[in-house]
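A.B. asks: sequence and predicted structure below; questions after.
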Amino acid sequence: MAVNVNPTVRRRRLGAELRRLRLASGLTSTQVAEQLMISQPKISHLENGRRTIKPRDVRDLCALYGVADPQLVDSLMRQAGESGRQGWWVTFGEVPYAVYVGLESEAAAVCSYEPLVVPGLLQTPAYAAAVIAETIPLATAEQAAARLEVRLRRQNRVHHPARSFRLWVVLDESALRRVVGSPAIMREQLEYLNHLGAQPHVTVQVLPHSVGAHAGVSGQFSVLRFADASDGGTVYLERFTSDLYLEKRSDVQRYSVMYEHLQAQALNPDDSRWFITQAAEVYAAVR
């Protein structure tokens, strides 16, 4: 495994391999937990990449699964050691969506549907600060500043297309009409949105209210894809207290189809830029 792969993705790939080995051995996660005298949730967290795994744990699991190849065991133990490293976002303290930041920083492509606000990767500093201030009322000034800094650093993926990153965004019209911060902040944000949408690696489409009910009425979601062909992708559902990550191939496929329907119903990129420009002009006229 390449040493530049971030720890979140390392844990995720290692967990997937351990799950494959467990299934090949015919053992359930409950049986493994009983034999190793640990909790069943710990096995699930290890296999889902939600928890750091120690090389010793990998060794014990491989022994239980009957893995006879010492090179494979050594490789998995080395991956476990690498997965314990910290990502850049850890230096900013507790980040509620740290798992997502780790996945996003390694994703080759992100398909995002946003019904209420402009997505974080495309926000201006002023808009991002206003979103954080207005949607997280219990955050201290230090916590808000840390969240803002993490959000702006995440945008390095968008500003450096040479890193092989593709971003698709379907944005509900509501996100254009909702005044976040002030009309001046909104005008700047929408002009910036059009600027980024003109980049070859970024596609922005607007889903107008006139479409009516659609596949995204249940809320925000993102589908993340990775360069590793064996990785089936992840669906991210942002929630206020605890986010959801779906990794079953059937779930990823279902949300991928939903996203394709949203893209088909949304305005094409050129018409979307015109629509955003018209919305920006409304804010520019406000004094």
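C.D. replies: Nice, I can see it.

A.B. asks: use CA for all of it now, contacts and neighbours both
C.D. replies: Will do.

A.B. asks: where does Ala141 land on pLDDT?
C.D. replies: pLDDT recorded at Ala141 is 88.

A.B. asks: just the one 3 residues further on next, same as before
C.D. replies: At Ala144 the predicted local distance difference test score is 88.

A.B. asks: in which helix or strand does it reside?
C.D. replies: Per DSSP states H and E: Ala144 is located in helix 141-154.

A.B. asks: what comes into contact with the helix or strand following that helix?
C.D. replies: Using DSSP H and E, the helix or strand that follows helix 141-154 towards the C-terminus is helix 156-159. With contacts defined as Cα atoms under 8 Å, 6 or more residues apart in numbering, helix 156-159 is touched by 105, 121, 163, 165, 167, 202.

A.B. asks: buried stuff in helix 156-159?
C.D. replies: 157-158 (16 or more other Cα atoms under 10 Å).

A.B. asks: what's downstream of that helix, the next helix or strand?
C.D. replies: strand 166-172.

A.B. asks: now do stretch 263-271, average pLDDT.
C.D. replies: Stretch 263-271 comes out at a mean pLDDT of 97.

A.B. asks: one more: stretch 215-222?
C.D. replies: The model assigns stretch 215-222 a mean pLDDT of 90.

A.B. asks: with stretch 64-75 instead?
C.D. replies: 86.

A.B. asks: gap between that stretch and the chain center?
C.D. replies: 32 Å (Cα atoms, centre = their mean, to the nearest Å).

A.B. asks: so what touches it?
C.D. replies: Against stretch 64-75 from outside (Cα under 8 Å, 6+ apart): 21-22, 24-25, 27, 32, 58-59, 62.

A.B. asks: end to end, how far does that stretch reach?
C.D. replies: Length of stretch 64-75, first residue to last, Cα to Cα, to the nearest Å: 17 Å.

A.B. asks: so which bits of that stretch are buried?
C.D. replies: Buried-residue list, stretch 64-75, by 16+ other Cα under 10 Å: 64-65, 73.

A.B. asks: could you do stretch 200-213 as well?
C.D. replies: Buried residues in stretch 200-213 (16+ other Cα under 10 Å): 201-208.

A.B. asks: for stretch 248-257, same thing?
C.D. replies: Applying 16+ other Cα under 10 Å to stretch 248-257 flags 252-253, 255-256 as buried.

A.B. asks: kindly report the same for stretch 177-195.
C.D. replies: Quick answer for stretch 177-195 (16+ other Cα under 10 Å): 177, 179-181, 183-191, 193-194.

A.B. asks: out of these, which one sits closest to Ile276?
C.D. replies: Leu190 (6.3 Å; Cα to Cα).

A.B. asks: wait, doesn't the closest one sit right on Val282?
C.D. replies: No. Using Cα atoms under 8 Å, Leu190 makes no contact with Val282, being 10.9 Å away.

A.B. asks: got the buried residues for stretch 41-51?
C.D. replies: Neighbour-count burial for stretch 41-51 [16+ other Cα under 10 Å]: 43-44, 46-49, 51.

A.B. asks: from these, pick the one nearest Arg154.
C.D. replies: Distances from Arg154 to these, taken by Cα to Cα, are shortest for Gly49, at 20.8 Å.

A.B. asks: any idea how far Val211 is from Val170?
C.D. replies: 13 Å.

A.B. asks: quick check: Val286 touching Ser182?
C.D. replies: No. Val286 is beyond contact range of Ser182, at 9.9 Å (criterion: Cα under 8 Å).

A.B. asks: measure how far stretch 165-177 is from the centre of its chain, please.
C.D. replies: On Cα atoms, centre = their mean, the centre of stretch 165-177 falls 15 Å from that of its chain.

A.B. asks: tell me which residues are up against it.
C.D. replies: So stretch 165-177 is contacted by 107-118, 157-158, 186, 190, 201-209, 262-263, 266, 276, 279 (Cα under 8 Å, 6+ apart).

A.B. asks: mind exporting the C-alpha coordinates of it to CSV?
C.D. replies: What follows is stretch 165-177, C-alpha atoms only, in CSV (Å, rounded to 0.1, in the frame of the first residue of the first chain):
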residue,chain,number,x,y,z
PHE,A,165,-10.0,15.1,-8.3
ARG,A,166,-13.5,15.3,-10.0
LEU,A,167,-16.4,17.1,-8.3
TRP,A,168,-20.0,17.1,-9.4
VAL,A,169,-22.6,19.1,-7.5
VAL,A,170,-26.3,19.3,-7.9
LEU,A,171,-27.6,22.3,-6.0
ASP,A,172,-31.2,22.9,-5.2
GLU,A,173,-32.5,26.3,-6.0
SER,A,174,-33.2,26.9,-2.3
ALA,A,175,-29.5,27.1,-1.7
LEU,A,176,-29.4,30.1,-4.0
ARG,A,177,-32.4,31.8,-2.6
